[in-house]
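Participant: model this:
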Amino acid sequence: MRSNKTKITEEMSVLSLLCSCLYSQPLPNTFGQFEDMEVKSLNKRASCQAFEVILKSPTEPSPERPQTLALPPQKKEPSLGELQRRLEAAEERRKSQEKQVLKQLAEKREREKEVLNKAQEVNNNYSKMTEEKLHHKMELNQENRMARLSALKQRLREKELHAAEVRKNKELHTDLSG
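Facilitator: Next up, the predicted model:
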């Protein structure tokens, strides 16, 4: 971690760098040195100011800051109790998930049974209605047939009575005439 003094020095150096761009007066050749870079002033033209920024190699350790290797934090070995607790939690999750799946399957089967029962009920109702209509139609046909037969028999009786009457009148007419 950098100290506040270094941070302020860098901010001042950057400010002086910006100011030097605005003013064309010559500056010393080395403008500033920082922890990981060096800035040198180059006078190539009179109309502008140029700088050369030299980055230090990352392999060179800085004398101000000691290099530390960032190692990942060591994982502590879980205790037997922790492992047991994790295994029990995993078993509980598995059982809970299994119960949920079984519950969903049972609900699905129940819906399927309801649908099948409803379809069977609709089919039975349709069959009953069709059978009742057919039975009613057959009864009407039977009644109509009986009514036609009765009417035919009645006409035949009337014809026979009329024929008998005509024969009787003919016999009377032949007896009287002759």
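Participant: Please count neighbours and contacts with C-alpha atoms only from this point.
Facilitator: Will do.
Participant: Could I get the contacting residues of residue 57?
Facilitator: residue 36 (Cα atoms under 8 Å, 6 or more residues apart in numbering).
Participant: quick one: secondary structure of it?
Facilitator: coil (DSSP: H, G, I helix; E, B strand; the rest coil).
Participant: go on, residue 53?
Facilitator: Residue 53 ends up strand, using three-state DSSP.
Participant: Pretty sure it sits against residue 37.
Facilitator: Yes - using Cα atoms under 8 Å, residue 53 is in contact with residue 37, at 6.8 Å.
Participant: residue contacts, residue 172?
Facilitator: With Cα under 8 Å, 6+ apart as the criterion, no residue contacts residue 172.
Participant: distance of it from residue 54?
Facilitator: According to Cα to Cα, to the nearest Å, residue 172 and residue 54 sit 160 Å apart.
Participant: now swap in residue 151 and tell me
Facilitator: As for residue 151, its distance to residue 54 is 130 Å (criterion: Cα to Cα).
Participant: cool, and residue 125?
Facilitator: As for residue 125, its distance to residue 54 is 95 Å (criterion: Cα to Cα).
Participant: Go through the chain and flag its longest helix.
Facilitator: Secondary structure of the chain per DSSP state H: the longest helix is helix 80-177.
Participant: where does this protein have low pLDDT?
Facilitator: Along the chain, segments meeting pLDDT under 70 span 1-35, 42-48, 58-72, 178.
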